[in-house]
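> need coordinates for the below:
(chains A, B and C)
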Amino acid sequence: MKKTLMKGNIALCEGAIAAGCKAYFGYPITPQNEVPAHMSKRMPELGLVFLQAESEVAAINMVLGASATGVRVMTSSSSPGVSLKQEGISYLVGCELPAVIVNVQRGGPGLGNISGSQADYFQATKGGGHGDYRMIVLAPSSVQDMYDHTMLAFDLADKYRTPVMLLADGVVGQMMEPLMLNKYIPAATGDRSWVLDGARGREPRSVKSLLMAEGALERHNLELRKKFDLIEANETRIETKNTDDAEIIIVAFGISARVAYSTMRALRAAGKKIGVARPVTLWPFPQKTISELAKPGRKFLVAEMNMGQMVEDVRLAVNGKCPVEFYGRPGGGLVNQEEMIERINKM
Amino acid sequence: MKKILSKTESLKATPHLYCPGCGHGIIHRLVAESIDELGLREKTIGIAPVGCAVFAYDYFNFDVSEAPHGRPPAVATGIKRVRPDKIVFTYQGDGDLAAIGTAETIHAANRGENITVIFVNNANYGMTGGQMAPTTLIGQKTATSPYGRDPKREGYPMKVCELLSSLEGVAYLERVSVSNPKNIISAKRAIKKAFQNQVDGKGFSLVEVLSQCPVDWGMTPQNSIKWVEDVFVKAFPLGVYKDKK
Amino acid sequence: MSKIEIITEKCKGCGLCIIVCPKKSIQLSKNFNKAGYHPAVFVEGADCTACGLCFQVCPDVCIEVYKDK
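Predicted structure coming up:
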């Protein structure tokens, strides 16, 4: 296995290529510009498709088209651009098409700023587009995750025929770290009877989400729900550290989890019983694990780079069994160890 | 006795949900016949729009994908880029192609995407009940221009062939109508050429078809074809707007 | 004698075929089809040259043209 130094945004590109991504469609926006730039160089080199679209709207629909032919395809953007992709994401879910969508989040609302942020948690996990749907959301917190999670995202997308979002942020996207170029192990190919490749020797196929017949859309939604239930049962991922004896558990995802870990180490060294729970999938949210961690006498601190989004899911999981407090930095502000320790000392 | 004319293989037997006299059914037939005559059915992937032709996959006997409103050229681009061996076409109305999807149309054209676009211009939004379209004529009354389209308020009818003709990437542009047998035969020739161009790798080909919409125009089918010939074609002259050699 | 056959269940009675028929051999039926339209019908035994104009203009592709050899 090769070890190398790489930027998060580049690692995700290489993860995608390793996982067999055949096409990339995107549009420039900071802080993810390294992605289209790198892909524009690498994809043609490998005989694969790179296209800079005229907009994020066009890019997500190019993804839809390519996906309908059964190839692995991705797009990337940052918060305002991901807002524009929401219509397409809803269609991907409705049409049951796999795709990988990367959001290297920046500060909002509006044009916001180009600093790292986690303000799109609600948009990603609560269905940013219209209709009744769920989307798998992975939250990388290191350059290694950017690489590994992208490969995982492609596998999950194909396995469940549904879009998967990699919810990164400007910090993880921009930082450089050592990276193990883990070998991609191809997942089993699922059912391909939906792929549009020309009606040669078979009945024509259609990819659609419009279901006008009496009861058809309700049945479709119920089928989708079954799939979402299956994803919840099989794909919920969370990392926990030092939670057994913890008096305070910091819950954080993505880059904030890195700060949570360093805070934990610093406070453990000072004799404080601190643990960390880091949801790796934001949807499906690790409700069960958080609920089990909610033991009497324990307290939770949810740390996010926003004004309090995942904290709502943590409170739902804890369900009043323990106090849940919040430490947040919105608008591109970074959570940091000093403030986190200060916050914990007040608990 | 020999059957000389009947439904071609690329059309399903499914009855259309279009209104009586609507031009869509004729245009569907011309597309299907062109595809069959060129032997392309088994490698064709069509893109259905949002609009009256939203159910195109129920009528065409080949693979069809849905697209969000206005996005067929982007969806077609995605398909054609990863499967250049397939024949990819979009079938779009005036709202889809010239209003909400203007950017996708212009950029697919400008990139010279090797796709075929069938653009059905019926001067209003048919499916939603006859609202004003970018192609609605000056003075034309619609559900959302009840006093008639006033250029001071709503601007001018958008002439897509003329607009796209300046783009280098475009191979072929022609405006046709389906108001009478002669025009229909001419429309067929244009549509078939737009598919042949794709086979030949010539790039972006678009055929704009002026189509009658009797119900939303508040006319009988007979009067609607008369309106196409007396009024519609005056605002949107038929002819070839570009034919790159 | 050439003739046409009309799939009356698919016909919506728009009447475009009637206008173009040079032999005036098509008319609307007095009966309704299942969709509630008065479909076009070929007048039994009427003149037909298999010119196909009715086929060209039919939006519902419900006309088949037969040519006598």
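
> switch to C-alpha atoms for all contacts and neighbour counts from now on
Will do.

> contacting residues for A:Gln105?
Counting by C-alpha atoms under 8 Å, 6 or more residues apart in numbering or on different chains, A:Gln105 touches A:31, A:78-79, A:116-120, A:167-170.

> and for B:Ala171?
Contacts of B:Ala171 (C-alpha under 8 Å, 6+ apart): B:112, B:197, B:202-205, B:242-245.

> from B:Phe204, how far off is it?
Look at B:Ala171 and B:Phe204: by C-alpha to C-alpha, to the nearest Å, they are 5 Å apart.

> overlap in contacts of these two?
B:Gly112.

> now chain C against chain A: closest residue?
C:Ala35 (17.5 Å; C-alpha to the nearest C-alpha).

> in its sheet, what does the helix or strand hosting A:Phe25 sit against?
According to DSSP states H and E, A:Phe25 maps onto strand A:23-26. Under the criterion DSSP bridges, strand A:23-26 sits next to strand A:49-52 (parallel), strand A:73-77 (parallel) in its sheet.

> following it, which helix or strand shows up next?
Moving toward the C-terminus from strand A:23-26, the first helix or strand encountered (DSSP H and E) is helix A:34-45.

> so B:Lys202 sits against B:Glu113, correct?
No - using C-alpha atoms under 8 Å, B:Lys202 makes no contact with B:Glu113, being 9.1 Å away.

> comparing those two, which residue is more hemmed in?
The residue with more neighbours, out of B:Lys202 and B:Glu113, is B:Glu113; 24 against 21, by other C-alpha atoms under 10 Å in any protein chain shown.

> distance of that one relative to A:Arg161?
In this structure, B:Glu113 and A:Arg161 are 28 Å apart, going by C-alpha to C-alpha.

> give me the buried positions along the strand holding A:Phe25.
Buried residues in strand A:23-26, defined by neighbour count with 16 or more other C-alpha atoms under 10 Å in any protein chain shown: A:23-26.

> next, format these as JSON lines and append pLDDT.
Formatted as JSON lines, the buried residues of strand A:23-26 follow (pLDDT from 0 to 100):
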{"residue": "A:Ala23", "pLDDT": "98"}
{"residue": "A:Tyr24", "pLDDT": "98"}
{"residue": "A:Phe25", "pLDDT": "98"}
{"residue": "A:Gly26", "pLDDT": "98"}
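
> what is the nearest of those to B:Gly39?
Closest approach between the buried residues of strand A:23-26 and B:Gly39, by C-alpha to C-alpha: A:Ala23, at 28.5 Å.

> burial of the closest residue to that closest one other than its chain neighbours, as a residue count?
Closest residue to A:Ala23 apart from its sequence neighbours, by C-alpha to C-alpha, 6 or more residues apart in numbering or on different chains: A:Val49 at 4.4 Å. With neighbours defined by other C-alpha under 10 Å, the count for A:Val49 comes to 20.

> from chain C, how far off is B:Gln196?
Here the criterion is C-alpha to the nearest C-alpha, to the nearest Å. By it, B:Gln196 lies 22 Å from chain C.

> give the contact list for that residue.
B:Leu38.

> is it within a helix or a strand, and which one?
B:Gln196 belongs to helix B:181-199 when assigned by DSSP H and E.

> C-alpha coordinates for that helix, PDB please?
Extracted in PDB, the C-alpha atoms of helix B:181-199 (Å, rounded to 0.1, in the frame of the first residue of the first chain):
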ATOM      1  CA  PRO B 181     -49.400  17.000 -45.700                       C
ATOM      2  CA  LYS B 182     -46.700  18.900 -47.700                       C
ATOM      3  CA  ASN B 183     -45.300  20.500 -44.600                       C
ATOM      4  CA  ILE B 184     -45.500  17.200 -42.700                       C
ATOM      5  CA  ILE B 185     -43.400  15.500 -45.400                       C
ATOM      6  CA  SER B 186     -40.900  18.400 -45.300                       C
ATOM      7  CA  ALA B 187     -40.800  18.100 -41.500                       C
ATOM      8  CA  LYS B 188     -40.100  14.400 -41.800                       C
ATOM      9  CA  ARG B 189     -37.200  15.100 -44.100                       C
ATOM     10  CA  ALA B 190     -35.700  17.700 -41.600                       C
ATOM     11  CA  ILE B 191     -36.100  15.400 -38.600                       C
ATOM     12  CA  LYS B 192     -34.500  12.500 -40.500                       C
ATOM     13  CA  LYS B 193     -31.600  14.700 -41.500                       C
ATOM     14  CA  ALA B 194     -31.200  15.800 -37.800                       C
ATOM     15  CA  PHE B 195     -30.800  12.100 -36.800                       C
ATOM     16  CA  GLN B 196     -28.500  11.300 -39.800                       C
ATOM     17  CA  ASN B 197     -26.300  14.200 -38.700                       C
ATOM     18  CA  GLN B 198     -25.900  12.600 -35.400                       C
ATOM     19  CA  VAL B 199     -25.000   9.300 -37.000                       C
END
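
> give the next helix or strand downstream of it.
By DSSP H and E, the next helix or strand past helix B:181-199 is strand B:204-210.

> what's the average pLDDT for that following strand?
Averaging pLDDT along strand B:204-210 gives 98.

> one step back: contacts only, for the residue nearest to A:Ala23.
Counting by C-alpha under 8 Å, 6+ apart, A:Val49 makes contact with A:22-24, A:43, B:81-82.

> quick one, grab the pLDDT at it.
pLDDT, read off for A:Val49, is 98.

> can you check A:Tyr27 too?
In this prediction, A:Tyr27 has a pLDDT value of 98.

> over to A:Met39?
Model confidence at A:Met39 (pLDDT) stands at 98.

> residue contacts, it?
A:13, A:24, A:50.

> any idea what the second one is bridged to?
On the basis of DSSP bridges, A:Tyr24 is bridged to A:Phe50, A:Met74.

> kindly provide the distance from it to A:Thr289.
To A:Thr289, A:Tyr24 is 36 Å away according to C-alpha to C-alpha.

> between the two ends of stretch B:156-170, how far is it?
Using C-alpha to C-alpha, the end-to-end distance of stretch B:156-170 comes out at 24 Å.

> that stretch and chain A, are they touching?
No - judged by C-alpha under 8 Å from any C-alpha of the partner chain, stretch B:156-170 makes no contact with chain A; its nearest approach is 15.0 Å.
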